[in-house]
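Asks: I would like the atomic coordinates for the input below:
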Amino acid sequence: MSEDAFDDLIAALDPAMAIVTTVSGGERAGCLIGFHAQCSISPPRYVVWLSKANHTFRVGVHARSFAVHFLGQDDEHLAQLFGTTSGDDGDKFGECAWEEADGGVPLLSDCPNRFVAERVALLDEGSDHVCLVLHPTAASARTPFRPLRLSQVEHLQPGHESEERPKPAEERSA
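Replies: Numbering: from 1, shown residues only. A predicted model of the protein is given here:
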């Protein structure tokens, strides 16, 4: 397979950007994501993929509740904060306005287009991301809004590269 051809196809999709936030054991986490989609109508389900290199992954695998915030074109400052700063190095939530939802999940005050959800499944098939299947429990929408797209933020340098993810057990023992 031509990886270049696959990359070209995917790049043409120009996905909307979102921020996932969560909390577990009193530790807050959040990151910018481009891998997310509705995956069921009834019951409603949404999937997000978290990079194994991210602090949010390490908190999220233990979390039950999440919030997914959909960024508008005026939200590049939040994309930069949650996409370029690692939770390993500091508190992103100290740099923005937020409030707690039920269960302590951080809700970003500047992102009114969002939903809160409970995790119903986690899929780790061995790649650099894990898939979380979420069941929305509350939502708010201020429409219309124009989504912030990957093409508008691809100049940002991530807080972690995907190559920084922990190695699977079989690779560590080799």
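
Asks: sketch out the low-pLDDT regions of the chain for me.
Replies: Applying pLDDT under 70 to the chain flags residues 159-174.

Asks: longest helix in it, please.
Replies: helix 3-13 (DSSP state H).

Asks: gap between that one and the chain center?
Replies: How far helix 3-13 lies from its chain's middle: 21 Å, per CA atoms, centre = their mean, to the nearest Å.

Asks: that one - contacts with which helices or strands?
Replies: For helix 3-13, there is no helix or strand it packs on, judged by 3 or more CB pairs under 8 Å, 6 or more residues apart in numbering; DSSP states H and E. For glycine as for every other residue, the C-beta is placed from the backbone atoms N, C-alpha and C.

Asks: mind saving the C-alpha coords of that helix as CSV?
Replies: In CSV, the C-alpha atoms belonging to helix 3-13 read as follows (Å, rounded to 0.1, in the frame of the first residue of the first chain):
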residue,chain,number,x,y,z
GLU,A,3,1.3,5.4,2.6
ASP,A,4,1.6,8.6,0.6
ALA,A,5,-1.7,8.0,-1.2
PHE,A,6,-3.4,7.2,2.1
ASP,A,7,-2.0,10.3,3.7
ASP,A,8,-3.2,12.4,0.8
LEU,A,9,-6.8,11.0,1.1
ILE,A,10,-6.9,11.6,4.8
ALA,A,11,-5.4,15.1,4.5
ALA,A,12,-8.2,16.1,2.1
LEU,A,13,-10.8,15.4,4.8
